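**Q** Sequence and predicted model, in that order:
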Amino acid sequence: MPAVLVTGAGRGLGLEFARQYAEDGWDVLACVRAPQKAADLQRLAAESQGRVAVHTLDVTDFAAIDTLARQLSGRAIDVLINNAGTMGSRGSTFGSSDFADWEQVFRLNAFAPLKMAEAFAGHVGRSSEKKLVSVSTIMASMARNNMGGFYAYRASKAALNAIVVSLAIDLGRRHGILAAALHPGWVRTDMGGPRAEIDARASVAGMRRVIASLTRERAGRFWAYDGSELPW
């Protein structure tokens, strides 16, 4: 069976990725910072007939990433999904920037996906699918920014997008890995809020179709959940 590794799998999009891939018979490596608090994920794992394995992982702890990579040594991972992310402090606006918060936002949204790629490139490279995707946001698009604000979030996700382009080039050459950035849409999650346009199931189903359609020609680009390409 193919295998998928998902970070931030305790709730929202990460949990829905785990659920949908498990429903389709994939082996799911569900990574979550605090498994004891992730009741829905634990329930999914218990009901999955062994398809969902829960792994403790705080992706801002880079030593922990290396430890998990060693524990999974020899395991092929067809799709690695960098899903964990944060908007940071919503009270931080121009003129009152919290730069300590900026550091945490960048560590989670940009540095951690790169570290995951470095630690797990071999696992993904030995698989059949060879796909590494990162959940970004349309708010990272400079061409589509017409409202300003959200400085740390936009900047960190724009940095993530730049990382994805380089990963597509470097890992494509070395391992044949297809890397891409995904916009999930405005989703009704804890981050997106109750007034968002779509639910997590529709968002993840769309992103999974984009992931399934990735080719060498489509790698290194920025895709929305509905299959449309976004400008950087």
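**A** Yes, it's here. What you are looking at is a predicted structure, and each value in this text was computed from that prediction instead of being measured. Residues are numbered from 1 along each chain as shown.
**Q** What is the helix or strand harbouring Asp66 packed up against?
**A** Taking DSSP states H and E as the definition, Asp66 sits inside helix 62-71. For helix 62-71, the contact count by 3 or more Cβ pairs under 8 Å, 6 or more residues apart in numbering; DSSP states H and E identifies helix 112-125 as packing neighbours. From N, CA and C alone the C-beta is placed, and that goes for glycine too.
**Q** Past the helix it packs on, which element shows up next along the chain?
**A** Following helix 112-125 in sequence, per DSSP H and E, is strand 131-135.
**Q** Let me know the average pLDDT across that next one.
**A** For strand 131-135, mean pLDDT rounds to 99.
**Q** what's in contact with it?
**A** Residues from elsewhere that reach strand 131-135 (Cβ atoms under 8 Å, 6 or more residues apart in numbering): 13, 78-83, 85, 113, 117, 120-121, 124, 160, 163-164, 167, 171, 177-182, 184, 207, 211, 214.
**Q** partners of it, with directions?
**A** Strand 131-135 has its sheet partners listed here by DSSP bridges as strand 79-82 (parallel), strand 178-183 (parallel).
**Q** With respect to Ser228, which of these lies nearest?
**A** Nearest of these to Ser228, taken as Cβ to Cβ: strand 178-183 at 9.0 Å.
**Q** ok now the closest one, how far from the chain's centre?
**A** Centroid separation for strand 178-183 versus its chain: 9 Å, with Cα atoms, centre = their mean, to the nearest Å.
**Q** ok, and what's touching that strand?
**A** With Cβ under 8 Å, 6+ apart as the criterion, strand 178-183 contacts 117, 130-138, 140, 160-161, 164, 167-168, 171-172, 207, 210-211, 214-216, 218-225, 230.
**Q** sorry, back to before: okay, the strands paired with strand 131-135, which one's buried deepest?
**A** Mean neighbours per residue, mean count of other Cβ atoms under 10 Å, is largest over the strands paired with strand 131-135 for strand 79-82, with a mean of 28.
**Q** Output the contacting helices and strands for the longest helix seen in the chain.
**A** Using DSSP state H to define each element, the chain has its longest helix at helix 151-175. Applying 3+ Cβ pairs under 8 Å, 6+ apart, we find helix 151-175 packed against helix 99-106, helix 112-125, strand 131-135, strand 178-183.
**Q** which helices and strands does the first one pack with?
**A** Of the remaining helices and strands, those touching helix 99-106 by 3+ Cβ pairs under 8 Å, 6+ apart are helix 151-175.
**Q** Next, the angle strand 131-135 makes with the helix it packs on.
**A** Between helix 151-175 and strand 131-135, the angle comes out at 180 degrees (axes from the mean of the first three to the mean of the last three Cα atoms, to 10 degrees).
**Q** Off-centre distance for helix 151-175?
**A** That offset, for helix 151-175, works out to 12 Å (Cα atoms, centre = their mean).
**Q** tell me the angle of that helix relative to helix 99-106?
**A** 30 degrees.
**Q** what mean pLDDT does helix 151-175 have?
**A** 97.
**Q** Ala69 versus Ala152, what's the distance?
**A** According to Cβ to Cβ, to the nearest Å, Ala152 stands 28 Å off from Ala69.
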